[in-house]
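> Pasting a predicted model and its sequence here:
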Amino acid sequence: MGDIHFTGLFIVMAIAFAAPLLLGFVPALRLPSVVLELVAGIVVGPSVLGWVALDPAIQVLALIGLAVLLFLAGLEIEFERLRGPILRTTSIGFVISFGIAVVVGLALAAAGQVDSPLLVAVILSATSLGIVIPVLKDSDEVSSEFGQLVIAAASIADFGAVILLSLLFSRESTGTGAKVVLLVGFFLAVAALAVAITRAEHLDRLSRVFERLQDTTAQIRVRGAFLLLVGLVALAEKLGLEVILGAFLAGAVLTLVDRDRMMTHPLFRLKLEAAGFGIFIPTFFVASGVQYDGGALFQSASTIARVPLFLVALVVVRGLPALLYRPTIGARRMAAAALLQATSLPFIVAASMIGMQLGLLDRATGAALIAAGLLSVLAFPLAALTILRGGERRPGPSPATAAGRSRLNPTT
């Protein structure tokens with residue numbers, strides 16, 4: 001323990017505290033705190049001031065933060081929406097999106113902009129569900145057909161991108177066939193675990209004990225959720241798959257088995273979000289900023305030029321499939337959906353870090369991809385809101401919706 005120091009972690013936590021607080025003083029500025037956290041991390045990191053280095057204390061909390069981020073992303077998936085025409089349309093949209101991403105990746109590789117076109121294709125095919133949902137709530141569109149299409153498309157994109165990254169670019173050197181076998185085995189294990197948890201929930205005595213302990217110092221449901229998270233992360237790591245897959249599926253499993261949350265444990269999700277957004281997730285984003293290689297981004301004009309290139313690529317890859325929605329929601333809302341689907345940052349950060357660790361992305365390309373993700377979060381949700389407000393006026397949000405907005409944290 002003598003080699004662990006807390007000065008750097010103190011600065012990281014101070015940034016995590018100050019970023020949303022400063023934004024709270026300017027409510028008209030619709031900026032997710034993750035942007036400020038990343039930028040502040042860059043400023044205090046080796047690229048600018050050099051106040052903070054990535055020491056073991058920060059590394060551990062940041063790694064947990066990444067896992068919790070993907071866990072809560074899996075928890076956001078609303079499986080009841082993923083059915084019927086919406087599921088069919090958005091699934092076709094993701095297949096088209098990934099096809100476009102592969103073409104774009106090959107074109108970028110042919111132009112000498114990237115070294116791994118398939119990895120770049122996977123990175124470009126994700127959408128930030130955790131940022132999209134607060135925007136839809138803010139515009140009172142969550143329950144509309146437009147909102148349901150966008151949420152379903154973002155859910156499938158998040159899920160598909162995580163699966164593709166784990167299948168094609170895990171840190172283990174096993175072949176694709178072996179990875180498919182491991183992936184199938186992992187899914188079977190997760191399915192068996194979900195069935196076991198569901199059956200356990202129907203045991204009256206166990207349910208009564210959980211209900212008695214859930215709001216005591218035991219916080220038994222929160223402990224159980226983190227046990228599920230760490231267990232599936234450990235299993236994914238053991239099988240040579242990416243840990244983010246285990247974290248994401250842990251959230252998805254909890255969503256599937258936690259059906260009566262508003263009757264017996266209405267504060268459970270709020271407690272998980274408090275732990276995630278209050279401690280671990282901001283640490284991950286600030287630490288990502290500390291790791292960010294600003295020098296690599298500004299080392300040449302060609303590297304800087306990749307940023308708008310990648311930003312346009314996000315719009316092309318994730319925006320064009322929104323054309324499928326036009327017969328249903330019209331041209332104006334289709335344009336807003338395209339911009340929301342092109343909003344991506346957390347997955348870009350995580351996948352770029354993995355790509356650089358595997359030697360498939362150089363630091364300049366990784367820095368340019370993350371910068372493009374930052375710009376997408378800054379520009380696209382605001383542009384989508386502007387388009388929505390410029391269309392037909394809708395009734396104002398209900399008092400319950402308005403009250404709920406004060407709890408929104410568009411971090412992920």
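Now that the structure is in, tell me what you want to look at.
> mean confidence for the helix or strand harbouring residue 327?
Using DSSP states H and E, residue 327 falls within helix 326-341. Regarding helix 326-341, the rounded mean pLDDT is 92.
> Kindly report the same for stretch 142-151.
83.
> Over to stretch 282-298?
pLDDT averaged over stretch 282-298 gives 86.
> Ok, stretch 363-377 next?
91.
> quick one: terminal-to-terminal distance for stretch 50-58?
15 Å (Cα to Cα, to the nearest Å).
> Repeat that for stretch 277-285.
First-to-last residue span, stretch 277-285, Cα to Cα: 11 Å.
> from the chain's centre, how far out does the helix holding residue 327 sit?
22 Å (Cα atoms, centre = their mean, to the nearest Å).
> Name the next helix or strand following that helix along the chain.
helix 346-357.
> For that next one, what is the distance to the chain centroid?
12 Å.
> for stretch 43-56, same thing?
The answer for stretch 43-56 is 24 Å, by Cα atoms, centre = their mean.
> Buried residues of that stretch, list them for me.
43, 44, 45, 46, 47, 52, 54, 55 (16 or more other Cβ atoms under 10 Å). In this view, the C-beta of every residue, glycine as well, is placed from N, C-alpha and C.
> again, but for stretch 65-78
Under 16+ other Cβ under 10 Å, the buried positions of stretch 65-78 are 65-77.
> For the helix holding residue 327, which outside residues touch it?
Identification of contacts with helix 326-341 by Cβ atoms under 8 Å, 6 or more residues apart in numbering yields 89, 127, 132, 135-136, 145-146, 149-150, 153-154, 157, 315, 318-323, 325, 380-381, 383-385, 387-388, 390-391.
> let's see 7 Å
Contact with helix 326-341 is made by 127, 132, 135, 145-146, 149-150, 153-154, 318-319, 322-323, 325, 380-381, 383-384, 387-388, 391, as judged by Cβ atoms under 7 Å, 6 or more residues apart in numbering.
> quick one on the thing from earlier: in helices only, show me the buried residues of stretch 43-56.
43, 44 (DSSP state H).
> Flag whichever of the buried residues of stretch 43-56 scores worst on pLDDT.
The lowest pLDDT within the buried residues of stretch 43-56 belongs to residue 47, which sits at 83.
> And the helices in the stretch 1-150 of the chain?
7-24, 33-44, 56-76, 84-110, 117-124, 129-138, 145-168 (DSSP state H, counting those that start in this stretch).
> Looking at those, which is nearest to residue 177?
helix 145-168 (10.8 Å; Cβ to Cβ).
> the inter-axis angle of that closest one versus helix 346-357?
10 degrees (axes from the mean of the first three to the mean of the last three Cα atoms, to 10 degrees).
> Now the element after helix 145-168, going C-ward?
Assigned by DSSP H and E, the successor of helix 145-168 is helix 176-201.
> how about that next one: buried residues?
Buried residues in helix 176-201 (16+ other Cβ under 10 Å): 179, 182, 183, 186, 190, 193, 194, 197.
> pLDDT wise, what is the third one at?
The one in question is residue 183. Per the predicted model, pLDDT is 82 at residue 183.
> before we move on, what about the fourth one?
Residue-level confidence at residue 186 comes out at 86, pLDDT.
> I'd guessed it sits against residue 239; true?
Yes: between residue 186 and residue 239 a contact is recorded at 5.6 Å, counting by Cβ atoms under 7 Å.
> wait, residue 254 sits on residue 226?
No: contact status for residue 254 versus residue 226: not in contact, 10.7 Å apart, counting by Cβ under 7 Å.
> okay, those two: which has more neighbours?
Using other Cβ atoms under 10 Å, the more surrounded residue of residue 254 and residue 226 is residue 254, with 24 against 18.
> need the buried residues of stretch 43-56 in TSV with distance to residue 112, can you?
Shown next, in TSV, are the buried residues of stretch 43-56 (distance: Cβ to Cβ, whole Å):
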residue	distance to residue 112
43	31
44	34
45	29
46	28
47	25
52	34
54	31
55	36
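> Pick the one among the buried residues of stretch 43-56 closest to residue 367.
Looking across these and measuring by Cβ to Cβ, the closest to residue 367 is residue 47, at 9.3 Å.
> Let me see the contact set for the closest one.
Residue 47 neighbours (Cβ under 7 Å, 6+ apart): 292, 293, 294, 295.
> what's the answer for residue 214, then?
220, 221, 265.
> Can you give me the neighbour number for the second one?
Which is residue 221. Neighbours of residue 221 (other Cβ under 10 Å): 23.
> Please list the outside residues in contact with stretch 375-388.
So stretch 375-388 is contacted by 30-32, 35, 131, 135, 139, 141, 307, 311, 314, 332, 335-336, 339-340, 342-345 (Cβ under 7 Å, 6+ apart).
> buried sites along that stretch?
Buried-residue list, stretch 375-388, by 16+ other Cβ under 10 Å: 375, 376, 377, 378, 380, 381, 383, 384, 385, 387, 388.
> Look up how far residue 117 lies from the closest residue in space to residue 139 that isn't next to it in sequence.
Spatial nearest neighbour of residue 139, chain neighbours left out: residue 388 (5.2 Å); criterion: Cβ to Cβ, 6 or more residues apart in numbering. Distance, residue 388 to residue 117, using Cβ to Cβ, to the nearest Å: 34 Å.
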